[in-house]
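Engineer: Sequence first, then the predicted structure, then my questions.
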Amino acid sequence: MTRPLTVVVLAAGKGTRMKSDLPKVLHPLAGRPLIGHVLAAADTLEPTRICVVYGHGGETLPKAIARDDVAWALQEPQLGTGHAVQQALPHVDMAGDVLILYGDVPLIRPETLQEMVLIAGEGALALLTVKLADPSGYGRIVRNARGQVERIVEHKDASPEELAIHEVNTGILCLSAAKLAAWLDRLTNDNAQGEYYLTDVIAMAAAEGERILPCHPSAEWEVLGVNSRAQLAGLERRLQGNIAEGLMAAGVTLVDPARLDVRGSLECGRDCLIDVNCVFEGRVVIGENTIVGANCVIKDAEIGAGVEIKPFCHIDGASIGADAIIGPYARLRPGTELAEEVHIGNFVELKNAQVGFNSKINHLSYVGDATVGRKVNIGAGTITCNYDGANKHRTVIEDEAFIGSDTQLVAPVTVGRGATLGAGTTLTKDAPPDQLTLSRAKQLTLSGWKRPVKKQSDK
């Protein structure tokens, strides 16, 4: 039978070097707060409980995360990591194990955590360690003559011999909740920082003959934390690199993997091509053989197969059917739904508009709150006048209609099937099917008219 697992996430730190009023763990990494990545990794373990220990920023953190399945423990004052875990103990299932994570260590892999949980389930203390070329600032792993972990010494408390050790503590551990509670109760703050160190638990466990089994991450970046904006930027590029590697392994061509930003989730079919400086936000799904041109921003969108999105397009909350052509410089706003083979050209904006098969809106137009049928052609400079200053109204353009350039469609209005609107028309009434409708002032030529000339100066 699987033992209950409680995940405790320590997130009470101030993050002084961030120089920010925002709690450190709420700073975004790839479009998600740092702690959001940690909670996502914890969720994969299907724990019995998750408890976040918070402090700096007060209720800002619980309000920002807003998860009903997360328990919150306030650490005030903040007297060290051991003291932080003590605040979480009322939320810990003492019949099971507890996994300690950190809200500012966002790239920890679920596979690494799963290994630790399995070790703890077998009655040992699982301790995540890593060897660093430069271990400065980290607690050192001190082993005995038999190579067993004996204790952890913090950098500021270490002797010259201990400072020469390159194996360091990541702070992440998994162990029996009941044993942890007993050891925490014996902690003292007799150290250079005057704090209650969670790491002192390791020496207590070793003294009692507990099995301490070190685990190791697959890569150093898994356990890198964020203490400054420079470190945050470094992890951003590392995470984006991981995402890029995954996309390429799945059959996506990235013109330059270093110039890709995914701030959410991006799912691509085979043989897609993504040019440089594209940003993907929220959830984006792209079908196979689709091309995304340079400098596009795409958010919460579903894009079919064989689509060509030309450079500098902004797509937000839209769905695009197969074999469509979009842009350049097109803007698709929320509620836009394009069928197959639709053409949306340069400087065209759509909002809450449904456009049917093989329809074309190629130049300098705004179509909002509209239903556009199949094989409709909308000329340059056309706009739907959908807002009367108080309410939105809908425009309906039926199949195979032809809308001349510089037309204003004053909603609510319907253009019938196969209708043609002459260029320059301001349509305020329904246009009947299969007929030409136009409205324009009579053209006049005034004979003898002369263009004004500039008056001569008296000087």
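Structural biologist: Alright, I've got the coordinates. Numbering: from 1, shown residues only.
Engineer: now the helices for this protein?
Structural biologist: 34-43, 60-65, 81-88, 110-121, 160-163, 177-184, 200-207, 229-249 (DSSP state H).
Engineer: Not counting its own residues, what contacts the longest one?
Structural biologist: Right, the one you point to is helix 229-249. Applying C-beta atoms under 8 Å, 6 or more residues apart in numbering, the contact partners of helix 229-249 are 18-19, 27, 29-30, 34, 106-107, 221, 224-226, 254, 257-258, 260-262, 266, 268, 274. To be clear about C-beta, it is placed using only N, CA and C from the backbone, and glycine gets the same treatment.
Engineer: what about burial for those, which qualify?
Structural biologist: Among those, those classed as buried by 16 or more other C-beta atoms under 10 Å are 18, 27, 29-30, 34, 106-107, 221, 224-226, 254, 257, 260-262, 266, 268, 274.
Engineer: about what we covered before: with Y138 as the reference, name the closest of the helices of the chain.
Structural biologist: Y138 lies closest to helix 160-163 among these, at 10.3 Å (C-beta to C-beta).
Engineer: average pLDDT across the closest one?
Structural biologist: For helix 160-163, the mean pLDDT works out to 94.
Engineer: thinking again about what came up before, which stretch among the helices of the chain comes nearest H363?
Structural biologist: It's helix 229-249; of the helices of the chain, that one is closest to H363 (C-beta to C-beta) at 33.2 Å.
Engineer: now the closest one against helix 34-43, angle please.
Structural biologist: If you take axes from the mean of the first three to the mean of the last three C-alpha atoms, to 10 degrees, helix 229-249 sits at 50 degrees to helix 34-43.
Engineer: Now do the buried residues in helix 229-249.
Structural biologist: By 16+ other C-beta under 10 Å, the buried positions in helix 229-249 come out as L232, L235, E236, R238, L239, Q240, N242, I243, A244, L247.
Engineer: Tell me which of the helices of the chain lies nearest to D97.
Structural biologist: Across those, D97 has its closest neighbour in helix 110-121 (4.4 Å, C-beta to C-beta).
Engineer: who's in contact with the closest one?
Structural biologist: Outside helix 110-121, the residues touching it (C-beta under 8 Å, 6+ apart) are 2-3, 5, 41-42, 44-45, 97, 99, 101, 126, 128, 172-176, 213, 215, 217-218, 222.
Engineer: between that helix and helix 177-184, how many degrees?
Structural biologist: 80 degrees.
Engineer: what's the distance between helix 110-121 and the middle of its chain?
Structural biologist: Helix 110-121 sits 26 Å away from the centroid of its parent chain (C-alpha atoms, centre = their mean, to the nearest Å).
Engineer: quick one: buried residues of that helix?
Structural biologist: Residues T112, L113, E115, M116, V117, I119, A120, G121 are the ones in helix 110-121 that count as buried (16+ other C-beta under 10 Å).
Engineer: How much space separates the fifth one from A71?
Structural biologist: Read it as V117. According to C-beta to C-beta, to the nearest Å, V117 and A71 sit 19 Å apart.
Engineer: same deal with the last one?
Structural biologist: Computed with C-beta to C-beta, the distance linking G121 and A71 is 22 Å.
Engineer: If you drop the residues flanking it in sequence, what lies closest to Y196?
Structural biologist: G82 (3.6 Å; C-beta to C-beta, 6 or more residues apart in numbering).
Engineer: circling back to that earlier point, including pLDDT and distance to S447, could the buried residues of helix 229-249 go into a markdown table?
Structural biologist: Listed next are the buried residues of helix 229-249 as a markdown table, based on pLDDT from 0 to 100; distance: C-beta to C-beta, whole Å:
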| residue | pLDDT | distance to S447 |
| --- | --- | --- |
| L232 | 97 | 73 |
| L235 | 97 | 75 |
| E236 | 97 | 70 |
| R238 | 97 | 75 |
| L239 | 97 | 73 |
| Q240 | 98 | 68 |
| N242 | 97 | 75 |
| I243 | 97 | 70 |
| A244 | 98 | 69 |
| L247 | 98 | 68 |
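Engineer: could you dump those residues to JSON lines with distance to V292?
Structural biologist: JSON lines is the format used below for these (distance: C-beta to C-beta, whole Å):
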{"residue": "L232", "distance to V292": "27"}
{"residue": "L235", "distance to V292": "25"}
{"residue": "E236", "distance to V292": "21"}
{"residue": "R238", "distance to V292": "23"}
{"residue": "L239", "distance to V292": "20"}
{"residue": "Q240", "distance to V292": "16"}
{"residue": "N242", "distance to V292": "20"}
{"residue": "I243", "distance to V292": "15"}
{"residue": "A244", "distance to V292": "14"}
{"residue": "L247", "distance to V292": "12"}
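Engineer: Isn't the residue nearest to Y196 up against L184?
Structural biologist: Yes. If you go by C-beta atoms under 8 Å, G82 and L184 touch, sitting 5.9 Å apart.
Engineer: Touching both of the two, which residues are there?
Structural biologist: L198, V201.
Engineer: What are the boundaries of the strands in the stretch 51-200 of the chain?
Structural biologist: 70-74, 97-102, 125-131, 140-143, 149-153, 167-176 (DSSP state E, counting those that start in this stretch).
Engineer: Please identify the deepest-packed of the ones you listed.
Structural biologist: strand 97-102 (a mean of 26; mean count of other C-beta atoms under 10 Å).
Engineer: Low-confidence ranges, the chain, go.
Structural biologist: Residue ranges of the chain with pLDDT under 70: 1, 458-459.
Engineer: and it, what are its domains?
Structural biologist: 5-223, 229-437 (automatic domain parsing).
Engineer: Arrange those in a markdown table, one row each, with distance to V453 as further columns.
Structural biologist: Converted to a markdown table, the domains of the chain look like this (distance: least, C-beta to C-beta, whole Å):
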| stretch | distance to V453 |
| --- | --- |
| domain 5-223 | 61 |
| domain 229-437 | 30 |
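Engineer: Compare those domains and give me the one nearest T445.
Structural biologist: domain 229-437 (17.5 Å).
Engineer: gap between that closest one and the chain center?
Structural biologist: With C-alpha atoms, centre = their mean, you get 21 Å for domain 229-437.
Engineer: same thing with stretch 173-185?
Structural biologist: Per C-alpha atoms, centre = their mean, the centroid offset for stretch 173-185 relative to its chain is 35 Å.
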